[in-house]
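Asker: just need the structure, nothing else, for what follows:
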Amino acid sequence: MASEHIVKSYDEELRRLSNTITEMGGLAESQLAAAIDAVVKRDSEIAGNVVEGDAKVDQLQQDLDNMAVRLLALRQPMARDLREVFAALKIGSDLERICDYAAHLAELLVKDVIDAYVARDADKAYSVWTRDAELDEMYSSLFRELLTYMMEDPRNISACTHLLFMAKNIERIGDHATNIAEDLYYLVHGTRIAEARPKGDLSSLEIVTAGRRPE
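Answerer: Take a look at the predicted model:
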């Protein structure tokens, strides 16, 4: 009876860990949606709510860290269970960063990767992972367009710089969502994705090209 109680308690702790990740994922989705709404409507009240909501995500990450440390110290998990704890720690960190960036356009990417985590769907996680290059390419294209506007008229520099900053945050959200997809793939299969991560952001090269004299 005692051993059955220990196993049941251990399973409940792992479930709480997983449920906390799911809750953090839901908050990340709603924070992103609210941030988009605030920008579109120019609504400072909605923006304030997004800022306040970040504190709840921070608290959930702290709770997650405490649960993980307890599991590692007292339960000494092995194999799949150990991967479950480490994946939760890494995914929780990325979700917290997504909420920190709380910007727009990556909402669908984040929703898909959280759905994949809940279902433990490695194929869906892999699909999200491959789409990171699309977001990078969109950022590179926008970077080139805004750079052209700035070069054509210096009066555009201030507004374009703000837009570039927002776009970079969106691109970083995609990177964190891709991290989650990689961790979920490892959780399910016990191996890392063998391919190199697809990247489409060439904006750093664009700076060099833009500043180079024509040959």
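
Asker: for the rest of this, base every contact and every neighbour count on C-alpha atoms.
Answerer: Will do.

Asker: where does the protein have low pLDDT?
Answerer: Low-confidence regions of the chain, defined here as pLDDT under 70, cover residues 1-7, 38-44, 102-111, 198-215.

Asker: what helices or strands is the longest helix along it leaning on?
Answerer: Across the chain, the longest stretch assigned as helix under DSSP state H is helix 2-41. Based on contacts counted as 3 or more C-alpha pairs under 8 Å, 6 or more residues apart in numbering; DSSP states H and E, the elements that helix 2-41 packs against are helix 44-70, helix 79-101, helix 107-119.

Asker: ok, Thr148 to Asn156 distance?
Answerer: Taken as C-alpha to C-alpha, to the nearest Å, the spacing of Thr148 relative to Asn156 amounts to 10 Å.

Asker: count of neighbours near the nearest residue to Ala68 once chain neighbours are set aside?
Answerer: Leaving aside its chain neighbours, Ala68 sits nearest to Val85 (6.0 Å; criterion: C-alpha to C-alpha, 6 or more residues apart in numbering). Residues within reach of Val85, counting by other C-alpha atoms under 10 Å, total 24.

Asker: again, but for Glu84
Answerer: 21.

Asker: and the closest residue to it other than its chain neighbours, what helix or strand is that in?
Answerer: For Glu84, the nearest residue in space outside its immediate sequence neighbours is Leu187; the separation is 6.3 Å by C-alpha to C-alpha, 6+ apart. Assigned by DSSP states H and E, Leu187 belongs to helix 157-189.

Asker: can you list the buried residues in that helix?
Answerer: Of all the residues in helix 157-189, those buried under the rule 16 or more other C-alpha atoms under 10 Å are 157, 160, 164, 166-188.

Asker: angles on the backbone of Asp121, please.
Answerer: phi -100, psi 100 (degrees, to the nearest 10).
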